[in-house]
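Colleague: task: produce atomic coordinates for the following.
(2 chains)
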Amino acid sequence: MEIAKLTDITRVYTIGEVETHALRGVDLSIGEGEFTTLVGPSGSGKTTLLQLIGCLDKPTSGKVFINNEEATGMNRNQRADLRKGTIGFIFQFFALVPTLTAYENVELPLLLIGKKNNHKARVMELLDAVGLVDWAEHRPDQMSGGQQQRVAVARALASEPLLILADEPTANLDTENGEQVMEIMKKLNEETGTTFVFATHDPRVIKYAKRVITLEDGLIIEDKNSGK
Amino acid sequence: MNYILKMSLRNLARNKRRSALSAIAIAIGTALLLFMSATIRGEMRGALDLTINLRTGHLQIHAEDYKDENMSLKREDMIEGPLEISGQIEEIAQVKAASPRLNISGIVAFKNETIGVQILGIDPPSATNSMYIEGMVAGEYFSTDDHEGVLIGLPLAESLDINPGDTIDLIINTSEGDTDEQRFTVRGIYTTDTPAYDKSTIFMPLEKAQTISRTDNYASMIYILLHDMDDTAAVKDAIQAPGYIVEDWVELNQLIVIVEQLSNAMMFFFNLMVLGVTSTVIMNTLLMAVYERTREMGILGALGMKAKQVKALFLTEATLLAIGGVLIGLAIGVPLVLYYAQVGFFLGDMGISANSSFMFGNSIYPYPTVGDAISVSVAALLITMLSGYYPASQAAKLEPVDALHSNN
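Modeller: Numbering: from 1, shown residues only, chains lettered A, B, ... in the order given. The predicted structure is shown next:
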């Protein structure tokens, strides 16, 4: 089953009179259960592509389908609705809400999709999955970077999304924490079948990927399965 | 607890000092407005009470062409048989007291000094004089048949160094257009805490005042006090005084009514200014918060938080600040106003003539009302919440993708 499909996507940023072509006609299909990484040098269009798959941004031309639903013409609120429960995000920086505890951060997506009750077990299960049950009541500033990123993984999974997008998830982690986060995500991919797409140039991430898509100058120049 | 409310509370706690300063700004604004509204209301109410009690009464009967400030002693400007008329009026149940008053202009001379005064002939036992009787500070009150005694105000006594028992000379205008001079004994010294009035008003029994001014069986007016001023219209309708006119306190105090309206208008603009400054502080606080939390807004947007929820988050913060600030403002303002409502502000002599349409006491007593407290609180709440609308809209406008790339 196809989770995300992008056809002939371009994305042009205009600053003043200068146009920057971040993507120049990309076709891409992401299937259910994939563990895919987008690689390429800085400026190749990885993050832009990830933002378009995640409906955070709109393409200059081309079409984006998420779970067979076209997102291209949607307004901000419609895209927010589409993201809720369908797409989870993990960011390079430890993007937790600083005033909320680990438990509350993981709980937040559930509240946003309208699940007001009976989600304690789900949240604790996720914190257990990332090894942070004992840190449930801690706020982000009381946790290490690795712990925060693991909370972000748990939060991304909270609403049981079909697709999780991660932008440089290990960029700010040391080797041990980076490996730990990747192991957790790999395990969750295998156990839950959740689709993961990463943008990275960290070889530690690339080695976990089942599919590696290489971008350069806004175009996909290679798309190969690693055979894992 | 609703997650928007929980996040708002924690966001306010994130920068405690800034939130506290913002709440204090609202609190100071609220307390100041509460105090100002009570003070202006107290001043206007005090001026009206004094003017009614000292000069106009709730109702007044006088000849058509009589003007209080002229102190005319012409027969056509006066009321004939005033004691009979006031006696009939006192039989009306809502009337507390009614009595004739005779206004005469004159000069007091003591030792080598002379001062122009207003001599008020009053019916000594009438309850209309209770303010003077209660205000006696030295000597004693006089009786109806006292033909040689007068009462003088405390400031006049102090300026001329007069004590009870001293004799003074009064030069008095008469109805025949000439003057008469007689020596009187100061029986007592009174105060109404209205310096301008007390400095220039001398009381003597009506009968003696009529004799000396040659206005026997005539008075300038019938002065009427009611138990309840809300009965004014009903009593006015009930009074039968053919050939004379009956005026109520509203007609007799047009200037005060106009000044009160002007004060209310000024208070409205003062409220706008204070709340305008307060709302600027709140707007600045929340704009800073939007700026500092731009990337956080991007994260929340990425998680699926809609624009209206982001807006609700900031509006809730503004509302919490407003509620906190207003409650602190009430906690400061109410006891302060209640305290000064008891002790008053001493202003001293404001230099207003005793014949002025406006009587000012030497103190202002703020007059707090529940209505003022509610209107000030609601205005402060609404203005603060409105001032949060612009920052909230700015936050709601942020596109998640742009917000995520912010450095804040």
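Colleague: so where do the strands sit in chain B?
Modeller: In chain B, the segments counted as strands under DSSP state E are B:59-62, B:79-80, B:95-110, B:113-122, B:136-139, B:149-153, B:167-173, B:179-190, B:201-205, B:218-219, B:221-226, B:245-248, B:345-346, B:363-364.
Colleague: got those strands as JSON lines, with mean neighbour count columns?
Modeller: Just so you know, the C-beta spots here come from the backbone N, C-alpha and C atoms, and that holds for glycine as well. JSON lines is the format used below for those (neighbours: other C-beta atoms under 10 Å in any protein chain shown):
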{"stretch": "strand B:59-62", "mean neighbour count": "25"}
{"stretch": "strand B:79-80", "mean neighbour count": "20"}
{"stretch": "strand B:95-110", "mean neighbour count": "22"}
{"stretch": "strand B:113-122", "mean neighbour count": "19"}
{"stretch": "strand B:136-139", "mean neighbour count": "16"}
{"stretch": "strand B:149-153", "mean neighbour count": "26"}
{"stretch": "strand B:167-173", "mean neighbour count": "18"}
{"stretch": "strand B:179-190", "mean neighbour count": "18"}
{"stretch": "strand B:201-205", "mean neighbour count": "25"}
{"stretch": "strand B:218-219", "mean neighbour count": "24"}
{"stretch": "strand B:221-226", "mean neighbour count": "25"}
{"stretch": "strand B:245-248", "mean neighbour count": "17"}
{"stretch": "strand B:345-346", "mean neighbour count": "12"}
{"stretch": "strand B:363-364", "mean neighbour count": "18"}
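Colleague: which of the ones you listed sits closest to residue A:138?
Modeller: strand B:345-346 (55.4 Å; C-beta to C-beta).
Colleague: quick check: mean pLDDT of the closest one?
Modeller: Taken as a whole, strand B:345-346 has a mean pLDDT of 82.
Colleague: and chain A, which residues reach chain B?
Modeller: A:51, A:54, A:56-57, A:76-77, A:80-81, A:83-85, A:89, A:91, A:93, A:95-100, A:104, A:108-109, A:111-113, A:155 (C-beta under 8 Å from any C-beta of the partner chain).
Colleague: which ones among those residues lie within helices?
Modeller: Among the residues of chain A next to chain B, DSSP state H puts A:51, A:76-77, A:80-81, A:83, A:104, A:108-109, A:111-112, A:155 in helices.
Colleague: which pair in those residues spans the largest distance?
Modeller: Spanning the widest gap among those are A:51 and A:104, at 25.8 Å by C-beta to C-beta.
Colleague: comparing the two, which residue is more hemmed in?
Modeller: Neighbour totals were compared for residue A:51 and residue A:104, and residue A:51 leads with 24 against 21 (other C-beta atoms under 10 Å in any protein chain shown).
Colleague: measure that one to residue B:22 for me?
Modeller: Residue A:51 sits at a distance of 35 Å from residue B:22 (criterion: C-beta to C-beta, to the nearest Å).
Colleague: then residue B:117?
Modeller: Where residue B:22 is concerned, residue B:117 sits at a distance of 58 Å (C-beta to C-beta).
Colleague: in the chain, where is pLDDT below threshold?
Modeller: Assuming you mean chain A. For chain A, applying pLDDT under 70 flags the ranges A:94, A:227-228.
Colleague: hm, I was asking about chain B
Modeller: Confidence mapping of chain B against pLDDT under 70 gives the ranges B:1, B:349-359, B:406-408.
Colleague: so what does the top helix by length along it touch, helix or strand wise?
Modeller: Identified as the longest helix of chain B according to DSSP H is helix B:254-292. Under the contact criterion of 3 or more C-beta pairs under 8 Å, 6 or more residues apart in numbering or on different chains; DSSP states H and E, helix B:254-292 touches helix B:16-51, helix B:307-343, helix B:370-387, helix B:389-397.
Colleague: tell me the buried residues in that helix?
Modeller: Across helix B:254-292, burial judged by 16 or more other C-beta atoms under 10 Å in any protein chain shown covers B:256, B:259-260, B:263, B:267, B:270-271, B:274-275, B:278-279, B:281-283, B:285-287, B:289-290.
Colleague: what does stretch B:79-97 give?
Modeller: B:79, B:82-83, B:85-86, B:89-90, B:94-95, B:97.
Colleague: start to end distance for it?
Modeller: Here the two ends of stretch B:79-97 are set 18 Å apart, with distance taken as C-alpha to C-alpha, to the nearest Å.
Colleague: and the closest residue to residue B:45 other than its chain neighbours, what does it touch?
Modeller: Computed as C-beta to C-beta, 6 or more residues apart in numbering or on different chains, the closest residue to residue B:45 that is not its neighbour in sequence is residue B:367, at 5.1 Å. Listed by C-beta atoms under 8 Å, 6 or more residues apart in numbering or on different chains, the contact partners of residue B:367 are B:38, B:41-42, B:45-46, B:341.
Colleague: repeat that for residue A:136.
Modeller: Contacts of residue A:136 were listed using C-beta under 8 Å, 6+ apart, and they are A:101-103, A:123-124, A:127.
Colleague: and the gap between it and residue A:119?
Modeller: Separation of residue A:136 from residue A:119 (C-beta to C-beta) stands at 13 Å.
Colleague: over to residue B:207?
Modeller: 94 Å.
Colleague: partners of residue B:222 in the sheet?
Modeller: Beta-bridge partners recorded for residue B:222 (DSSP bridges): residue B:61, residue B:100.
Colleague: doesn't residue B:78 make contact with it?
Modeller: No. The criterion here is C-beta atoms under 8 Å, and residue B:222 misses it with residue B:78 at 10.9 Å.
Colleague: buried ones from the contacts of residue A:136, can you make that a PyMOL selection?
Modeller: Restricted to buried positions by 16+ other C-beta under 10 Å, the PyMOL selection for the contacts of residue A:136 reads:
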select buried, chain A and resi 101+102+103+123+127
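Colleague: what residue is smack in the middle of chain A?
Modeller: Taking C-alpha atoms, centre = their mean as the criterion, residue A:165 is the residue nearest the geometric centre of chain A, at 1.4 Å.
Colleague: so that one, which of the three states?
Modeller: Here residue A:165 is recorded as strand under DSSP: H, G, I helix; E, B strand; the rest coil.
Colleague: tell me the contacts of it?
Modeller: Residues near residue A:165 by C-beta under 8 Å, 6+ apart: A:50, A:53-54, A:87-90, A:197-199.
Colleague: the residue lying closest to it once chain neighbours are set aside: how many residues sit nearby?
Modeller: Leaving out its chain neighbours, the residue that sits closest to residue A:165 by C-beta to C-beta, 6+ apart is residue A:54, at 4.7 Å. By other C-beta under 10 Å, the residues close to residue A:54 number 27.
Colleague: quick one, what contacts residue B:38?
Modeller: For residue B:38, the contacting residues are B:337, B:341, B:366-369, B:372, by C-beta under 8 Å, 6+ apart.
Colleague: about what we covered before: buried ones among the residues of chain A next to chain B?
Modeller: Buried, going by 16+ other C-beta under 10 Å: A:51, A:54, A:56-57, A:76, A:80-81, A:83-85, A:89, A:91, A:93, A:95-100, A:104, A:108-109, A:111-113, A:155, out of the residues of chain A next to chain B.
Colleague: can you get me a residue count around residue B:327?
Modeller: Residue B:327 sits with 15 neighbouring residues when counted by other C-beta under 10 Å.
Colleague: mind listing what it touches?
Modeller: For residue B:327, the contact set (C-beta under 8 Å, 6+ apart) is empty.
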